[in-house]
Structures are given as structure tokens and as C-alpha cells.
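Student: Here is my input, please return the structure:
(2 chains)
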Amino acid sequence: MENIKATRRDFLKTTGLTSFGLALGISSFAKDAVVKKITPAIIKLEINPFIIIDTAGNITIVNPRPDMGQGSTQAVPSLLAEELEVSLEQVKIAQSDGKDKYGNQTSGGSSSVRSLWEPIRKAGAAAREMLTESAAKRWNVPVIECYAKEGTIVHKPTGRSLSYGELADDASKLEIPKNPKLKDPKDFKIIGKYNKRLDVPERVTGKAVYGIDVDVPGMVYASILHSPSLHGKVVSIDDADAKKIKGVLKVVKTERTMPHRTSEAVAVIGTNWWAALKGKKALKVNWDNGDYEKTLSTEKYFAEAHVAAKKEGVNFEEKGDFTAKYNSAEKKIEANYETPFLAHAPIEPENAVVHVKDDGTVEIWAPVQGPDWALRDVCAYLKIAPEKVKINVTLLGGAFGRKAYHDFLLEACHLSKELKKPVKVIWTREDDITQGPYRPGMVSHMQGFVENGAIAGYHHHAIGESILGQVFKGLKSDEADPWLSEEISTNNNKYNFATASKVSWTNVKTDIPIVWWRSVYASNFGWGQECFIDELAHLAGKDPMKARIELVKDERFKKVLETLGEKSAWGEKLAEGQGKGIAVFKSFDSISATCITVTKKDQGVTIDKVISVIDCGYYVNPDNVKAQTEGNIVMGLTAAIKDGITFTNGVCDQSNYHQYNVMRLNETPKMEIYIVDSGANPGGVGEPGLPPIAPALGNAIFAATGKRMRKLPFDINNLG
Amino acid sequence: MAIFNLTVNNKKVKVDVEPDMPLLWVVRDFADLKGTKFGCGMALCGACTIHLDGQPTRSCQTPVSSVGKNTKITTIEGIGDGKLHAIQQAWIEEQVPQCGYCQSGQIMSAVALLKSNPSPSDQDIDSAMSGNLCRCGTYDRIRKAIHRAADTIKVSEKGIGKN
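Tutor: Model prediction:
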């Protein structure tokens, strides 16, 4: 099909060139003249915002979710293509630019498929109906006799067909049907089937274009010296040595704008980035760090959190009088679980190219998770209207939440406005790791009790800084953060505690910038919840799998746990020194459970195997569900046994991958992934596999060694 | 600035840059080969891996002045010699990449591994590939893809032997 289209387009161009060229008889003119003549002949028609069909037959479908590796370049277009009756090989995929007509365009919250499942399929189905109606009118036959097939409308009784390109003009004049008929899932040709991602070849040949690969004519490069204490003020700048470096053009005071505050910074501008970086290293800047050297401390933060753990929090939910029941319970335990601050550390560091032009318009090329959100931030920052801004979203070399935070983009805006040139800002790895924003560190204060041999009471007190509070300034002081409370509520985990249960919250504030990180709070609180359920199971003298299946009041949870039990041969005899642990967590509408097997070795354990089961409802590509779950296993284990982020005396203690280690290939255990086909509405895929990883490991370590791990990260080779 | 004559992907390239500029930035910004990636600047992540005379090398720690004019520099763009290398093909078959950003470096390390060791064990793969970070976590597929590529190369060599 691709070939046929190319030929057709070439044919148009060739014939146009020849006839027009001959007519004019001036070959040097011909090229321009023909372009003018041909251009109006190929009209791009927007059937709806997501489908553009030109009269030459090219079909473009717009993907409203940037791709950071989660597979949205396949998943979202598949929803459209399925209903439009085209194959992905037949269409060109374009990235949306942040404009309102595309609606929400942020890749985050594992939302691409689950939020677009219906609207995007409807957009595809509406276009199909409009094209079908156009064909029926053209042939003067009943619509019911016509159907869509591989980019054409076919008239069933006669076998005649018209391509979408031939029908696009007519179709674009029709009204968009409000309730187009969606296909029956049993007729799906793309959704739910294994399909190779068509953008893999460009990712193995070096051809894929990420933000950092964008070059614009006339562009200069910037490397930015940020405040070591994140929010310090510039007292003095000695740039004499920096300016001596060949290729350094200028040193300018600039700013880093975060949602909760704007910090001062110094940028070195160069003809190339290496020169700018050398210039940055040669800068001597005096900073006034105010009292950040005292206040910016993770030790202090966690000390406050542990004090809060001894007090009552703000209740989110309570069933029964938990405190009274707990106080009078005979068999009870309590424990604090802790998770550290973490950097996202995508291998592609933060970067952006911005051109604030003389005519008042702005063009941007950047790896951002949400062009819509980036557009809003840029417009607010530069005080200009959205029509003046063009955002070209590139591929993202990893993001995990980091590239939905636009400090680096606004830095490039500031510099381009100042320098009146296109500017490419590239952060160093050190900028990325020392500056944040980070996943917030959290403490879970857990309490529970057992009655008549069953887990009957449970309290999860979540403690820490709030993204809603710090980033969005939207948290009231007397309110339990609804985002994270919902995540750890009994409505979400489906555990039914017969006597009493409670979910509460205490906000501990910090100036360390925070933002969502893969699976957000589920990555923090899965640890406390699922390790503590294990503790309670042991207190009740129950097998941890059985205890969960008994406690959980939800068929999908049960099915996931039973599948995990079967795939992991749960209950079968283990070798000497071996232990198995499980955990289950629901996040982003998907239920994921993991079983990890470990073996005692010296002072630590080795991980023998990880088995994950996920029920994400309907999904687009089973292989991508597996790929994302594999990625979650690696990132979840990294979060458990590699480095956390700490701040001492106002400065981040880690700076690059030698101090902020992430898991490497030689440390990666064997893994198996299984999908439960529940046929439920789609849940997320990019994140839900992560939350059960750390607790499954902690529970396995307890099973193998009797040691209960409660603080992340820990050294797997030396459990202490 | 100084003039350096380099051989990149079998082509002569002349650049006028500072002698201490790492080869990473030379190939990216002066030879316009963007497939080689910046990740850490300290040879910790392997995203910048290229070959110097077939040896996998971290280009972020290799000053351009240390590279002789006859040294053969190979980047991801030159590995397939006009077609896909067996490693790249295996990467597609196993659907290895997620974001793909680190994969140029992964592939360069894997190609060098298979050249020196056509039948690597899991342990051989561990030691050859542990210098390349992947934050998306594609390691399990990388392992599978290297085994697959090794098998493909063996089969095709057998084929040639028979003829």
C-alpha cells in the first residue's frame, strides 16, 4: 500500500512537471511554477482533528500522546486505525502540537490507552462513517451496501471501490456524526494482537530524533550553572576564565523556573555545547545559600516524618473506631516503612531548543511529555497567546515523569528571548541528578491487629511532601492528600478488614522540588502496604498468599493472585536458603502482582526469579504490556536496592551514575510476565507493574532469612 | 582551534575543533551523526559507545586529538554497511527498544562482543554489556537478542561454507 501511494504521488508530480514545464518552455521556471500548481491540487483535509487525508491519498493520523518509550506511537494510532479500517503500515503518524483541539495530550498517569480508548476509537469510527457516506452518495447507493476496507470504501454488490483520498474532499464537508458505531471487540484486527512497533527500526539505526538531536540554523548552545543549594542567590560572577575559552560567546545571568519557586542561575553561551560546558566549569560564582544549608536536608525531613508517625494524622477514611480497637487488641503490631527521594535519571538529559523570534512568535523543539501543558507554561511564562507558539514534540529518551516538569524548557525560553537567537539548552547528568525534581521520600506508619486468627484491623498513615501541595498549590492544610490517599484506600486495595481500618495523612513540607515519578505514590506506599500485609499474615499464622486471597473482596484481584500462585508454583517446596515473597497493588486501573524468589548468600541474598502478573483490562499490544512490565521490574528493583537521593547541608549528595547507581544488565534477574485477560475497560500499562516489586522482594527476603526490611533502599549483598 | 582529519564510517571527515573536544561532540555536532548519544559525560552509561578500529570505546571520554587519522571510527550509522546488521535485525525481532535512546550504545557494545566471541554465554553477555545502562529496563530482551543474533550469524556463515 505504501508503495502504491508513493507511486501515485510521484505520478502526480511527474505528470505535473512535464506538462507544465513543456507548456511554459522555461525549465528553470518550471520547478517553482509546478510546485505552485501542484500544491493546491493536493489538499489536506481534516476529517477530524486526529485524521488528515489528502487528495493524493496519504493518510496521517495524529498521536496526541508523546512517546517516551511506553509505546504510544503504536498504541494510540492503533485505536484510530482499527476503527478507520487501515493498517498502521498505511498511515503516517504525526505528533500533536499542544493545541486545544487535540484535548489532553500529556503522557502521564498511564493514561494514553485508558483515557483515549473510547474517544479516539470514536474519532476513527466517525471518519469511517463519513467516508462511507460520501462513497454511497457518489455511487447513489444505500450506505448499508458500502463498507470500509484497507483505506478504501467498497460497494459490496458490485465490488467497486473508492480510496479514502478520492473521498476525502466530500467527506470533509459532512457533519461529524455524534455517535458513530464502534466495532465489536471480536472483530478487532489490530487491538489486542501482537504487532511489531513500526518505529523500532529507526531506534536501532540511530535515525530516531530525540530533543537533544535537534539542530536549528543560527542556533547557539547553553550550559547552565544551577545553584548547588537549588534556591541560592547569585552574589557575584567571575567569568574571566570562562570567556577565555574558545567558542564561548557570552555569560548571562538567567533563571530556573519551577512551579513552587524561581531560582537564579548563570548560563554560558557557546558556538557549540562542549565550549559552553567548559565555560560553565570555569565560572566562579558566589552563592548566598540563605538558610538552605540547614533546611535542605533529607535527614531532617525523615526525622520530622518519623515524629509525625507518632502522632495522629488527618483522616482520609475510617471504618470502625480503629484507635480504640487497636488499643484493646491483644495481637497487634506496628512498624514504619520508608522510601527515599529518587531521581528519574532518564538517559537523555533535559534539553530544549527554543526560538523566540523577532515577529513575536515562538518555535519550540523539545522532548516534553505534554505539549498541551508545555504550551500553557510557555504562554504564561512569556506572556503570549497560544497562537503565537509552535511546539514540535520530539521523541523522548526516557522521562518517567521528569519531562512533564518544564524548568529546562522555560530556561531555553528565557535565554532565547534575551539573546534573540535560537538556543539549545542541554543539562548535564550532574544537573539532572543534583537539581531534581525528585520522587518525594515517604514514610508509612502501619498498624494492624489480628482477631480469631484473621487480619481484622489495619491503619496506613502516609507521611511526606505532597505533589498536589508543592507543585499545584492545591492542598488544604486540613485535608488528606486525595491523590495518594485514594491510592492506599481500602477502595483501591480491596482489602476488607472486618473490625476496623483507617487511612490517614500528614504533610511534611520540604523545599526539595518534587514531581511524579513512575507510578507516583504507588511506588512509595506499595512498599509499606504490602510488606505490612505480609507481617500481619505471619502474625495471624497464615500463608501470605492465602491471607491476601481471603482478605480481598474483588474477583479480579483474586484471579491475579491465583494466576500468580499457579505460575510461581506457590506452596511448592523450596531449596535450602530460598524464599518467595509476593505483593499485589492496583494503580492506574490495573492490578499487578509479583512473586520474587531469592536465595541466601553470605550476608545478603541473590534474586533467582521475578514473575509478574498483570490485569490491565483491554490492551493494544500484548508484547508492549510485557515490555513495560519488564521495565517496571528493573526500575522497581533499582528503587529497592540501588541508590536513593539524599541532601546534606543543602546539597545533593549524588551527582552522576557512579553515586546514583541504576540496575545494570548483569544484575537483572530472570523474569516472566503473564497477562490476565479480564476484558475490563483498559487500565494503565506503563506504571502498574512497578509498585509490587519492592515489597515482593522484601517479603521474599523475610521468607529466606527472617529479616524484615523496612527502609529503602538497602544493600542486597549486606542486609545488615 | 585545530584541524583534524578523521575517518568516520569509511569516509574522510575534516573538522576544525578544540583538541580536547570529546569525539562524542565531534561526531554529533561536526560530522552530523546524531545516533551516538550523550548520557553522563563520565563513561558510566555507555550511551556514547562507538568503535575505534573495532574496539568499543566511550566517545565522551575520548578527546579528538587522541584519535589518529587512520583510526577507523565507526558509529551506529556505519555499523550495518548499508543494510541492517544481524544485531540490529535481532533487536527488531525481539522488539528490544522502548525509548531507544541508549540502544545505539547497546548495539555498538553487542556488535563488538559478537565479533570477539561469536557464541557468548549469558555470563559473557553480562560482562560485555554491563557498562551500558538502560533506564527503561530492556536488559532481558537485550540478552535474548544477542543470543538470537549469534545464532543468525552462525546459520548464515554455515550457509556460505556450504556454497
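
Student: What parts of the stretch 401-550 of chain A come near chain B?
Tutor: A:I426, A:T428, A:R429 (Cβ under 8 Å from any Cβ of the partner chain). C-beta here means a position set from N, CA and C on the backbone, and glycine is covered the same way.

Student: List the contacts of the closest residue to A:G436 other than its chain neighbours.
Tutor: Excluding its sequence neighbours, the residue lying closest to A:G436 (Cβ to Cβ, 6 or more residues apart in numbering or on different chains) is A:P513, at 4.3 Å. Each residue near A:P513 by Cβ atoms under 8 Å, 6 or more residues apart in numbering or on different chains is listed here: A:L230, A:M258, A:H260, A:Y405, A:Q435, A:G436, A:P437, A:Y438, A:Q470.

Student: ok, and the closest non-adjacent residue to whichever residue of chain A sits closest to chain B?
Tutor: Nearest residue of chain A to chain B, counting by Cβ to the nearest Cβ: A:G206, 1.9 Å away. In this structure, A:G206 finds its nearest non-sequential neighbour in B:G35, 1.9 Å apart by Cβ to Cβ, 6+ apart.

Student: List the residues that contact residue 96.
Tutor: Just so you know, I chose chain A. Applying Cβ under 8 Å, 6+ apart to A:S96 gives the contacts A:V62, A:N63, A:P64, A:Y102, A:Q105, A:P371, A:D372, A:V393.

Student: other chain: chain B
Tutor: A:V200, A:V204, B:Q103, B:Q106, B:T138, B:R141, B:I142, B:A145.

Student: quick one: which of those has the most company?
Tutor: B:Q103 (32 neighbours; other Cβ atoms under 10 Å in any protein chain shown).

Student: Was I right to think it contacts B:E94?
Tutor: No. Using Cβ atoms under 8 Å, B:Q103 makes no contact with B:E94, being 11.6 Å away.

Student: Please name the nearest non-neighbouring residue to A:V598.
Tutor: Counting by Cβ to Cβ, 6+ apart, the residue nearest A:V598 is A:V605, at 4.0 Å.

Student: Let's see the pLDDT reported for whichever residue of chain B sits closest to chain A.
Tutor: Closest approach of chain B to chain A (Cβ to the nearest Cβ) occurs at B:G35, with a separation of 1.9 Å. The per-residue pLDDT reported for B:G35 equals 98.

Student: low-scoring stretches of chain B, by residue?
Tutor: Low-confidence regions of chain B, defined by pLDDT under 70, span residues B:159-163.

Student: need the strands for it, in chain order.
Tutor: B:2-8, B:11-17, B:49-52, B:55-58, B:72-74 (DSSP state E).

Student: for the stretch 551-700 of chain A, same thing?
Tutor: In the stretch 551-700 of chain A, the strands defined using DSSP state E, counting those that start in this stretch lie at A:578-587, A:590-601, A:604-615, A:647-648, A:651-652, A:670-675.

Student: Leaving out chain neighbours, which residue sits closest to A:E330?
Tutor: Leaving aside its chain neighbours, A:E330 sits nearest to A:F449 (7.9 Å; criterion: Cβ to Cβ, 6+ apart).

Student: Check the spacing between the one you found and A:F588 real quick.
Tutor: Distance of A:F449 to A:F588, given as Cβ to Cβ, to the nearest Å: 31 Å.

Student: Of these two, which one has the most company?
Tutor: Legend: neighbour count by other Cβ under 10 Å for A:F449 and A:F588, higher for A:F449 (26 against 22).

Student: Could you give the separation of the helix or strand hosting the more buried one from the chain centroid?
Tutor: Take DSSP states H and E as the rule and A:F449 turns out to sit in strand A:442-451. Distance of strand A:442-451 from its chain centroid, counting by Cα atoms, centre = their mean, to the nearest Å, is 30 Å.

Student: I figured A:Y521 hits A:P482, correct?
Tutor: No. Using Cβ under 8 Å, A:Y521 is not in contact with A:P482; the gap is 11.1 Å.

Student: can you confirm A:A547 is in a helix?
Tutor: Yes. With DSSP: H, G, I helix; E, B strand; the rest coil as the criterion, A:A547 is part of a helix.

Student: so what's it up against?
Tutor: Listed by Cβ under 8 Å, 6+ apart, the contact partners of A:A547 are A:I455, A:I533, A:L536, A:A537, A:A540.

Student: For those residues, name the two members farthest from one another.
Tutor: A:I533 and A:A540 (10.4 Å; Cβ to Cβ).

Student: Quick check: neighbours shared by those two?
Tutor: A:I455, A:A547.

Student: Please enumerate the strands of the stretch 401-550 of chain A.
Tutor: Under DSSP E, counting those that start in this stretch, the stretch 401-550 of chain A gives strands at A:423-426, A:442-451, A:454-464, A:500-507.

Student: which residues sit in contact with the residue most central in space within chain B?
Tutor: Per Cα atoms, centre = their mean, the C-alpha nearest to the average position across chain B is that of B:M108, at 1.9 Å. Applying Cβ under 8 Å, 6+ apart to B:M108 gives the contacts B:T49, B:I50, B:H51, B:P56, B:T74, B:T75, B:I76, B:I79.

Student: Kindly recompute the last result at 10 Å.
Tutor: B:M108 makes contact with A:206, B:35-36, B:46-51, B:56-57, B:59, B:74-76, B:79, B:87, B:132 under the criterion Cβ atoms under 10 Å, 6 or more residues apart in numbering or on different chains.

Student: List buried residues within those residues.
Tutor: A:206, B:35-36, B:46-51, B:56-57, B:59, B:74-76, B:79, B:87, B:132 (16 or more other Cβ atoms under 10 Å in any protein chain shown).

Student: Go through the longest helix seen in chain B and flag the buried ones.
Tutor: Counting by DSSP state H, the longest helix found in chain B is helix B:139-162. With burial defined by 16+ other Cβ under 10 Å, the residues of helix B:139-162 counted as buried are B:139-143, B:145-150, B:152-153.

Student: Mind giving me the packing neighbours of it?
Tutor: helix A:622-641, strand A:670-675, helix B:86-93, helix B:103-116, helix B:122-129 (3 or more Cβ pairs under 10 Å, 6 or more residues apart in numbering or on different chains; DSSP states H and E).

Student: quick one: which of those is nearest B:G68?
Tutor: Of all the helices and strands packed on helix B:139-162, helix B:103-116 comes closest under Cβ to Cβ, at 19.2 Å.

Student: Please state the offset of that closest one from the chain centre?
Tutor: Centroid separation for helix B:103-116 versus its chain: 5 Å, with Cα atoms, centre = their mean.

Student: again, but for stretch A:551-571
Tutor: Worked out by Cα atoms, centre = their mean, stretch A:551-571 lies 27 Å from the chain centre.

Student: Would you mark the buried spots in it?
Tutor: Buried, per 16+ other Cβ under 10 Å, within stretch A:551-571: A:551-552, A:556-565, A:567-568, A:570.

Student: picking that back up, may I see the contacts of A:P513 arranged in a markdown table, with pLDDT and neighbour count as well?
Tutor: Below are those laid out as a markdown table (pLDDT from 0 to 100; neighbours: other Cβ atoms under 10 Å in any protein chain shown):
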| residue | pLDDT | neighbour count |
| --- | --- | --- |
| A:L230 | 96 | 24 |
| A:M258 | 96 | 21 |
| A:H260 | 89 | 14 |
| A:Y405 | 97 | 24 |
| A:Q435 | 98 | 25 |
| A:G436 | 97 | 23 |
| A:P437 | 98 | 26 |
| A:Y438 | 98 | 26 |
| A:Q470 | 96 | 24 |
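
Student: Which members of those residues are the farthest-apart pair?
Tutor: Farthest pair in the contacts of A:P513 (Cβ to Cβ) is A:Q435 and A:Q470. Separation: 15.2 Å.

Student: so the residue nearest to A:E330 makes contact with A:F532?
Tutor: No. Using Cβ atoms under 10 Å, A:F449 is not in contact with A:F532, being 11.8 Å away.

Student: any common contacting residues for the two?
Tutor: Counting by Cβ under 10 Å, 6+ apart, the residues touching both A:F449 and A:F532 are A:I333, A:E334, A:I455, A:Y458, A:H459.
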